[in-house]
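# just need the structure, nothing else, for what follows:
(one chain, ligands or ions: 1)
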Amino acid sequence: MSDEIPLAPEILVTRLGDYLVESGLLSEANLKQALEQQAILRKQGRHQLLGQMLVEMGFIDRATLDRAVTEQILRLRSALEESNRSLELRVQERTAELQAAMQKLEEMNQLKSNFVANISHELRTPLTHIRGYLELLLAGDLGPISPDQARGLGVMLRSADRLGRLIDDLILFSLSERGEIQIFPHALNLRILCQLAIDRSFPKANEKNLALHFNAPEKLPNVLADEERISWVILHLLDNAIKFTEPGGQITLELIDQGNKVEVSISDTGIGIPPEQQPLVFEPFRQLDGSSTRKQGGTGLGLALAQSIIKAHQSTLSLVSQPNQGSRFFFHLKAIEE
Ligand code: ADP
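Sure, this is the predicted structure:
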């Protein structure tokens, strides 16, 4: 007998004594006696297994004990196998349930994209009529109008234009959801495109007392890109920079020649974006909490769409930003060798 618990197959079997009694291999009185003896030894710091104890006390012979232990171990093994089988079955069931739920979600997502695409197209048709008649009225083609009426029609036309842009964004979004954003890249002079974007953004920046800078080297290679889409991205990034910068701030659009590519960078000295929220701004419909964001309106689709467009150009729209310091959004376009 040693101080340590002896290593023998019987340590795998729980309630060996009860099993022996139930099987008629041992009397209850003998079990009690052996357990008492075991307890006495334990108090002395010596550990003796029950089976061994029973053999030593002559209550059972070694062969019977071994047979009983083996039987119990075999039972244990088949119980383990059984529980493995049922566990596997449950895992399979759960996996199937999850797959079905995923499929349902995908279907619903698809339905949502189709719905957005359909409704956007449906909205476009009446809007085209509204714009058309507003333009006719403004041009005086349907009769003379007073200056006040002209001003009112002008406001309506600008609102219709804005509505049109929102609808276009929604259509673009539903296309990007289905991975169907198409681009038509060709040789593009970024200097000219950016100058146009600056000219278009200038009135808004001016209204907010923001300085708008444009830095680009005189000589810049053309890039391979979709003119309409890239122009949309740059205008949107400028719009955001204007929206999220307090009066007196600076906004800079910069083109940097990097040899085989050109970097397009839009930076501001605005409210910035906290690090933990930076990945979120590229998610659709995401607008960061805070009064300034809500005050600014928007759909929360812009950056998600911009990212899809830039990804379609095999590039990535990146962001570096520090709260209260400003933000810089940038991406690269492939230069065309002359
Ligand atoms: P929205 O069209 O509503 O502006 P975006 O997808 O363009 O949506 O932007 C998502 C959110 O990212 C904005 O609501 C704003 O919280 C944040 N954001 C975008 N650009 C800037 C910026 N230049 N400075 C600070 N926050 C910005």
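# near the ligand, which residues of the stretch 201-338 of the chain?
Along the stretch 201-338 of the chain, the residues adjacent to the ligand under the rule CB under 6 Å from any ligand atom are 240-241, 244, 268, 270-273, 281, 286-288, 293, 298-304, 327. Bear in mind the C-beta positions are built from the backbone N, C-alpha and C, glycine included.
# out of those residues, which end up buried?
If you count burial by 16 or more other CB atoms under 10 Å, the buried members of these come out as 240-241, 244, 268, 270-273, 281, 287-288, 298, 301-304, 327.
# so how far is the lengthiest helix in the chain from its chain's centroid?
The helix of greatest length in the chain, counted in residues with DSSP state H as the criterion, is given as helix 62-138. For helix 62-138, the distance from its own C-alpha centre to the chain's C-alpha centre is 17 Å (CA atoms, centre = their mean, to the nearest Å).
# check stretch 249-260 too.
29 Å.
# mind listing what's buried along it?
Within stretch 249-260, the residues that qualify as buried are 249, 250, 251, 252, 253, 254, 255, counting by 16+ other CB under 10 Å.
# out of these, which are inside strands?
Counting by DSSP state E, the part of those found in strands is 250, 251, 252, 253, 254, 255.
# just to revisit the earlier point, go through the residues of the stretch 201-338 of the chain next to the ligand and flag which are in helices.
Judged by DSSP H, those include 240, 241, 293, 302, 303, 304 as members of helices.
# export these to JSON lines and append columns for pLDDT.
Formatted as JSON lines, those follow (pLDDT from 0 to 100):
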{"residue": "240", "pLDDT": "95"}
{"residue": "241", "pLDDT": "97"}
{"residue": "293", "pLDDT": "48"}
{"residue": "302", "pLDDT": "89"}
{"residue": "303", "pLDDT": "93"}
{"residue": "304", "pLDDT": "90"}
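# among those residues, which two are most distant?
Put simply, by CB to CB the two of those set farthest apart are 241 and 304, 17.3 Å from each other.
# can you count the residues close to the residue lying closest to residue 261 once chain neighbours are set aside?
Spatial nearest neighbour of residue 261, excluding adjacent residues (CB to CB, 6 or more residues apart in numbering): residue 332 at 4.4 Å. Residue 332: 21 surrounding residues under other CB atoms under 10 Å.
# may I have the beta-bridge partners of residue 332?
According to DSSP bridges, residue 263 are recorded as the beta-bridge partners of residue 332.
# my guess is it meets residue 264, correct?
Yes - under the criterion of CB atoms under 8 Å, residue 332 lies in contact with residue 264, with a separation of 7.4 Å.
# looking at this protein, which helix or strand does the model trust least?
The weakest-scoring helix or strand in the chain, judged by mean pLDDT, DSSP states H and E, is helix 291-296 (a mean of 51).
# what stretches of the stretch 1-150 of the chain score poorly on pLDDT?
Judged by pLDDT under 70, the stretch 1-150 of the chain has its weakly predicted residues at 1-4.
# what lies in contact with stretch 227-241?
Counting contacts by CB atoms under 8 Å, 6 or more residues apart in numbering, the residues outside stretch 227-241 that touch it are 181, 183, 186, 188, 190, 193-194, 196-198, 200-201, 204, 212, 251, 253, 264, 266-268, 270, 302-303, 305-306, 309-310, 312-313, 317, 327, 329, 331, 333.
# run the last query once more with 6 Å
The contact list for stretch 227-241 (CB atoms under 6 Å, 6 or more residues apart in numbering) reads 183, 188, 193, 197, 201, 251, 266, 268, 302, 306, 309, 329.
# buried sites along it?
Those buried within stretch 227-241 under the rule 16+ other CB under 10 Å are 227, 229-241.
# what distance do you get for residue 186 to residue 334?
Between residue 186 and residue 334 the distance, using CB to CB, to the nearest Å, works out to 12 Å.
# quick one: contacts for the residue of the stretch 51-200 of the chain found nearest the ligand?
When distances are taken as CB to the nearest ligand atom, the stretch 51-200 of the chain approaches the ligand most closely through residue 169, which lies 8.1 Å from it. Residue 169 makes contact with residue 301, according to CB under 6 Å, 6+ apart.
# which SSE is it in?
helix 147-177 (DSSP states H and E).
# any idea how far the residue of the chain most remote from its centre is from residue 35?
Here the centre of the chain is the reference, and by CA atoms, centre = their mean the most remote residue is residue 58, at 70.5 Å. Taking CB to CB as the criterion, residue 58 is separated from residue 35 by 16 Å.
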